[in-house]
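Visitor: Dropping the sequence and predicted coords here.
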Amino acid sequence: MANIEVLNSRFSLYDKMYSHELREHSFADWPFRAECSCTPDKMAKAGFVHCPSENEPDVVCCFFCLIELEGWEPDDDPWTEHKKRSPNCGFLTMKKDFTELTVAEFFSMEKERLKIYLVKGRHVERDTNQSRSHGPICCSSDWYLPLPSSNASPLSSSASITGTPHTLASINDFSI
């Protein structure tokens with residue numbers, strides 16, 4: 001992932017990508033079509049969104065675990081590649097279709113997605129040596145969370161969530 005702005009943008013857009021149809025729609029310019037194992041339909045079913053760049057036309061990102069994969073070959077299987085590189089992805093372990101999730105199951109999935117995002121955000125910032133003084137970002141549940149700082153204190157589960165620095169521990173404490 002190139003930078004924190006890309007990560008923020010993807011996270012806030014990908015909350016809508018539980019829908020297979022929306023993910024598949026992102027593959028309009030996908031280089032692999034019929035006679036391939038990695039067709040747009042199969043890529044979308046495996047949780048991927050097409051996010052090409054000028055130099056990398058076959059980059060995909062899982063809407064849930066945010067793993068990026070590129071360098072696809074016509075006979076690459078999207079499910080196999082996803083499982084190989086992100087075996088603990090919550091989307092891969094989901095036992096039923098998104099439309100069948102209960103509200104509690106959906107919020108549990110979103111909580112997991114948020115934890116993944118926060119961890120990746122820390123890695124991206126550390127790797128690009130950016131400061132941790134970013135403004136708020138918008139998550140799928142309309143929370144406004146600044147990226148966690150290394151000195152942020154954990155919240156109790158009853159603390160206000162809006163506008164407070166969060167650690168991964170504070171997200172773990174949040175219960176539905």
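Guide: Good, I have the coordinates.
Visitor: So which bits of the longest helix seen in the chain are buried?
Guide: The longest helix of the chain (DSSP state H) is helix 103-128. Of all the residues in helix 103-128, those buried under the rule 16 or more other CB atoms under 10 Å are 109-114, 116-118, 120-122, 124-125. (C-beta placed from N, C-alpha, C; glycine too.)
Visitor: Going by secondary structure, Cys65 is in what exactly?
Guide: Secondary structure from DSSP states H and E places Cys65 outside every helix and strand.
Visitor: Grab the nearest non-local neighbour of it.
Guide: Nearest non-adjacent residue to Cys65, counting by CB to CB, 6 or more residues apart in numbering: Cys89, 3.9 Å away.
Visitor: Likewise for Pro74?
Guide: Of all residues not flanking Pro74 in the chain, Cys36 sits nearest, at 4.2 Å (CB to CB, 6+ apart).
Visitor: again with Phe11
Guide: Leaving aside its sequence neighbours, Phe11 sits nearest to Tyr117 (CB to CB, 6+ apart; 4.8 Å).
Visitor: What separation is there between the one you found and Cys38?
Guide: Separation of Tyr117 from Cys38 (CB to CB, to the nearest Å): 26 Å.
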